[in-house]
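Student: Requesting a structural model of the entry that follows:
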Amino acid sequence: MALRISLNINGTEHGVDLEDPRPTLLDVLRERIGLTGTKKGCDRGQCGACTVLVDGRRVNSCLTLAVSLDGADITTVEGLADGDTLHPVQAAFIQNDGFQCGYCTPGQIMSAVGLLSETGGQASAEAIREGMSGNLCRCGAYAGIQDAVLEAQANIAKAGKS
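Tutor: Predicted coordinates:
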C-alpha cells in the first residue's frame with residue numbers, strides 16, 4: 001500500500017511517496033530529499049546527531065516515522081542560513097570553536113536553535129548544559145558549544161532590540 005505524504009522542509013513543499021509506513025524522517029531527509037546535513041549517529045535516539053525542528057520543536061529524526069508528520073513544517077540545518085548570512089547560532093559555533101570533527105555539529109546547532117526558542121532567549125549556562133544534554137559530542141567540545149549558545153543568545157537579544 002503506497003502512501004503519499006506532504007512535508008514542508010525548510011519552506012519548500014515536498015511530496016513523498018512511501019511504499020510502506022516505516023521510513024524515519026531521517027531516512028526520508030537524507031535518502032529521498034537529499035538533505036544530508038542531518039546525520040545518522042546512533043540511529044537509536046541517544047546521540048542527537050539527527051536533531052531537526054518539527055513545527056518548531058526539537059525531535060530526533062531517527063525515532064520519528066515520516067508518515068506521522070504529514071503536513072508538518074520541518075527545519076533542518078540547511079534551512080537556517082539566509083543566503084550567505086549564517087543563522088546566529090551557526091556563526092557563534094564558528095566563532096567559539098563549538099565543534100571539532102563536526103559530525104555532531106548539525107544536531108548540536110539545531111538543538112541550540114530549538115532550546116533558545118523554548119527558553120525565550122533567557123537560558124543560563126546551567127540551563128544550556130541541561131537543555132543540550134541529549135546531544136553528544138565524542139570529541140568533547142562541550143565548552144565551546146556552551147559558549148556558542150550563550151553568544152548566540154546574546155546576539156539574538158541584541159538584534160531583537162535594535
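Student: Mind pulling up the pLDDT for the nearest residue to Asn135 once chain neighbours are set aside?
Tutor: In this structure, Asn135 finds its nearest non-sequential neighbour in Gly48, 3.3 Å apart by C-beta to C-beta, 6 or more residues apart in numbering. In short, each C-beta sits where N, CA and C put it, glycine included. Gly48 carries a pLDDT value of 98.
Student: where exactly do the strands run in the protein?
Tutor: 3-9, 12-18, 51-54, 57-60, 73-75 (DSSP state E).
Student: follow-up on the earlier one: what about the residue nearest to Asn135, how many neighbours?
Tutor: 24 (other C-beta atoms under 10 Å).
Student: Isn't it up against Asn60?
Tutor: Yes: counting by C-beta atoms under 8 Å, Gly48 does reach Asn60; the two are 6.7 Å apart.
Student: So which elements touch the top helix by length along the chain?
Tutor: Identified as the longest helix of the chain according to DSSP state H is helix 142-161. Using 3 or more C-beta pairs under 8 Å, 6 or more residues apart in numbering; DSSP states H and E, the elements in contact with helix 142-161 are helix 88-95, helix 105-118, helix 125-131.
Student: beta partners of Thr85?
Tutor: Asp82 (DSSP bridges).
Student: one step back: can you state the direction angle for the longest helix of the chain and helix 88-95?
Tutor: 140 degrees (axes from the mean of the first three to the mean of the last three C-alpha atoms, to 10 degrees).
Student: Mind listing what's buried along helix 142-161?
Tutor: 142, 144-153, 155-156 (16 or more other C-beta atoms under 10 Å).
Student: got CSV for those residues, with pLDDT and distance to Gly114 too?
Tutor: Listed next are the buried residues of helix 142-161 as CSV, based on pLDDT from 0 to 100; distance: C-beta to C-beta, whole Å:
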residue, pLDDT, distance to Gly114
Tyr142, 96, 18
Gly144, 97, 19
Ile145, 98, 14
Gln146, 98, 16
Asp147, 98, 18
Ala148, 98, 14
Val149, 98, 11
Leu150, 98, 16
Glu151, 98, 17
Ala152, 98, 12
Gln153, 97, 13
Asn155, 96, 17
Ile156, 95, 13
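Student: Format those residues as a markdown table; extra columns: distance to Gly98.
Tutor: Below are the buried residues of helix 142-161 laid out as a markdown table (distance: C-beta to C-beta, whole Å):
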| residue | distance to Gly98 |
| --- | --- |
| Tyr142 | 9 |
| Gly144 | 4 |
| Ile145 | 5 |
| Gln146 | 8 |
| Asp147 | 7 |
| Ala148 | 4 |
| Val149 | 8 |
| Leu150 | 11 |
| Glu151 | 9 |
| Ala152 | 9 |
| Gln153 | 13 |
| Asn155 | 14 |
| Ile156 | 15 |
